[in-house]
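>>> Just a sequence and a predicted model for now, questions to come.
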Amino acid sequence: MSRSIPVGLGARAYEVVVGRGLLDEAGTRIAPFVKRKRVAVVSDETVWALHGARLTRSLEAAGLAAPAVVVPPGEQTKSFEGLADLSDRLLALELDRGDLIVAFGGGVVGDLAGFAAAIYKRGIDFVQIPTTLLAQVDSSVGGKTAIDTPRGKNLIGAFHQPRLVLADLDVLSTLSDREMRAGYAEVVKYGLLGDYAFFEWLETNSGEVLAREPQALAHAVGRSIEMKAEIVAEDEKEAGRRALLNLGHTFGHALEAETGYGEALLHGEAVAAGMALAFRFSASQGLCTGQDAARASAAIAKAGLPTTLADVAPRAFGADPLVRHMAQDKKAEGGRLTFILARALGEAFVARDVDAGAIKTFLAAEGATP
Ligand code: NAD
């Protein structure tokens, strides 16, 4: 029970397979991409304890040697130290250019193992087996890989496309409800940025998706991946339309930076509040209707996600520090602020010259202190 979604990137084209039972098929699906009969599986401790044995069984049944490199869970692993440790352990396995890395985990493992694959012996193939909703609908598709530095998130990285992505909906059964909601924010993002019909469907079916009802989950994940694949195929290196995927991210990154990139505010939660803010800012500038902004917020809130500064943290945020983070964001060009704004539900656009003063006024109206 699965379907394949192509990512049309010419010589770097690949398939994203979405469905159930894919861990058991991983060996036979990955074997055609392996030159020698060996892969290295990179995973985190949590995912490995829950699902590692099943993946190993499947790889070995297909005749593949599959040593594992298991790293600590959490964003702090996506660092220079984490990269050095992983690279050293891959070298110790004597992994070669003809071998392949399998990234088996959430966005942290995907970004770290993907970046290691991009630079290991000048580049080695890798396959993504994403295990969080966020990783399935977003980070495993499109070839963005990166680590964080103390100066900010995802600042050191590379575009390196996987050879194959296997999104097994079964593994989501062990994901916490909070991580499920955080990933759902990225699902709503696709509706809000470019597919009004999908947004409307989500307004009605969010409860089923979050409860992991099989048909609703398959539709939500499948439609999200289709949209990501289509946008990436059109604009691999984010010269234009791919930037729409950053809806909610300029506000969101600033909130994450202020709350310290951790358990206090998950990435998806920051994006959720960021999208609600982007729609309300759009309405405040007369770009979309207040009714559309209210519907966007209601759909996000219905999933139990934050939509206001007060939802994110009980303390007040300062407008100045938030805007300072926005200006440092790598999407800021020449000091001007870049935002993804909206003309309507399902109609986002890239606004490259947003006035910082207008953002500060808006944030003050949203309850920020100066
Ligand atoms: P994550 O990888 O930290 O996973 C969240 C938590 O869930 C971890 O503790 C993990 O161990 C656990 N987990 C994973 N799968 C599980 C499962 N099936 N059952 C139980 N627990 C499970 O976080 P994430 O939200 O998947 O990814 C966030 C990262 O993705 C961030 O670093 C972000 O920058 C990155 N990201 C990258 C892109 C991209 O295009 N490359 C896009 C969006 C986000």
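Arrived safely.
>>> who's in contact with the residue in the stretch 201-350 of the chain that the ligand sits nearest to?
Distances between the stretch 201-350 of the chain and the ligand by CB to the nearest ligand atom are smallest at His267, namely 5.0 Å. Heads up, the C-betas are built off the backbone N, CA and C, glycines and all. With contact set as CB atoms under 8 Å, 6 or more residues apart in numbering, His267 has these partners: Gly107, Leu134, Ala182, Gly252, Glu256.
>>> Which of these fall in helices?
Residues of the contacts of His267 located in helices (DSSP state H): Gly107, Leu134, Ala182, Gly252, Glu256.
>>> Need those residues in TSV (columns: distance to the ligand and neighbour count).
Converted to TSV, the ones in helices among the contacts of His267 look like this (distance: CB to the nearest ligand atom, whole Å; neighbours: other CB atoms under 10 Å):
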residue	distance to the ligand	neighbour count
Gly107	2	24
Leu134	4	26
Ala182	6	24
Gly252	11	26
Glu256	9	26
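>>> Output these in TSV, with distance to Arg38 and pLDDT appended to each entry.
Below are the ones in helices among the contacts of His267 laid out as TSV (distance: CB to CB, whole Å; pLDDT from 0 to 100):
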residue	distance to Arg38	pLDDT
Gly107	26	97
Leu134	29	98
Ala182	34	98
Gly252	39	95
Glu256	38	91
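>>> wait, which of the residues you listed is closest to Ser282?
Using CB to CB, Gly252 comes nearest to Ser282 of those, at 15.3 Å.
>>> Report the buried residues of stretch 75-94.
Glu75, Thr77, Lys78, Ser79, Gly82, Leu83, Asp85, Leu86, Ser87, Arg89, Leu90 (16 or more other CB atoms under 10 Å).
>>> Please disregard the earlier target; I meant stretch 307-326.
Neighbour-count burial for stretch 307-326 [16+ other CB under 10 Å]: Thr307, Leu309, Val312, Phe317, Ala319, Leu322, Val323, His325, Met326.
>>> what distance separates the start and the end of it?
From its first residue to its last, stretch 307-326 covers 18 Å (CA to CA, to the nearest Å).
>>> what's in contact with that stretch?
250-251, 253-255, 257-259, 264-265, 269-270, 272-273, 276-277, 297, 300-301, 306, 332, 337, 356, 359-360, 363-364, 366-370.
>>> now these: which count as buried?
250-251, 253-255, 257-259, 265, 269-270, 272-273, 276-277, 297, 300, 306, 332, 337, 356, 359-360, 363, 366, 368.
>>> Select from the residues you listed every entry located in strands.
Leu337 (DSSP state E).
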